[in-house]
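> Sharing a model prediction with you, sequence too.
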Amino acid sequence: MSKEDDEVEEEKSATVSCGTSAGPIKMKLYREWSPLGYDRAVELFERGFYDNSHFFRTVPGFLVQFGITYSDDTELKRFGRTTIPDDEPVEGISFKEGTISYAGGGANSRTSQLFFAYSPSKALGT
């Protein structure tokens with residue numbers, strides 16, 4: 001995993017590269033879309049939380065999910081389980097193929113679980 005910064009005055013986006021058995025994946029994260037979510041994801045990637053992890057939930061045509069760590073670092077595991085508040089929704093951003101987001105079980109339930117959307121969906125992010 002590597003992170004490339006796109007910095008102007010402050011960090012506004014990050015590109016995260018991950019290796020998979022099917023080849024590399026690059027994820028572009030935008031801070032303005034979700035400041036708290038962005039900060040959490042960047043920190044998790046930088047601290048190695050997702051290193052050697054795998055996709056554990058795949059729903060063909062809908063999504064693929066990841067976010068289980070194999071780290072032995074108990075503090076990092078605790079940090080990954082800690083919830084963060086929801087960010088305010090940004091108008092005009094919808095789930096389309098390739099959108100990455102946190103998986104959650106309701107309001108303010110985001111931890112370390114992330115997913116990619118395989119196709120547009122009005123049901124996600126509600």
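Good, I have the coordinates.
> Now do the buried residues in the top strand by length along the chain.
Counting residues, the longest strand found in the chain (DSSP state E) is strand 11-18. For strand 11-18, burial by neighbour count (16 or more other CB atoms under 10 Å) applies to 13, 14, 16. C-beta: built from backbone N, CA, C; applies to glycine.
> what do you get for stretch 117-126?
Buried, per 16+ other CB under 10 Å, within stretch 117-126: 117, 118, 121, 124.
> and the second one, what is it in contact with?
Applying CB atoms under 8 Å, 6 or more residues apart in numbering to residue 118 gives the contacts 59, 60, 61, 62, 63, 64, 97.
> by contact count, what packs against the longest strand of the chain?
Secondary-structure packing of strand 11-18 (3 or more CB pairs under 8 Å, 6 or more residues apart in numbering; DSSP states H and E): strand 2-7, strand 25-30, helix 35-46.
> Now the residue nearest to the spatial centre of the chain: closest residue in space, sequence neighbours ignored.
Note on the chain: the residue nearest the mean C-alpha position is residue 114, at 4.3 Å, using CA atoms, centre = their mean. Nearest residue to residue 114, sequence neighbours excluded (CB to CB, 6 or more residues apart in numbering): residue 67, at 5.3 Å.
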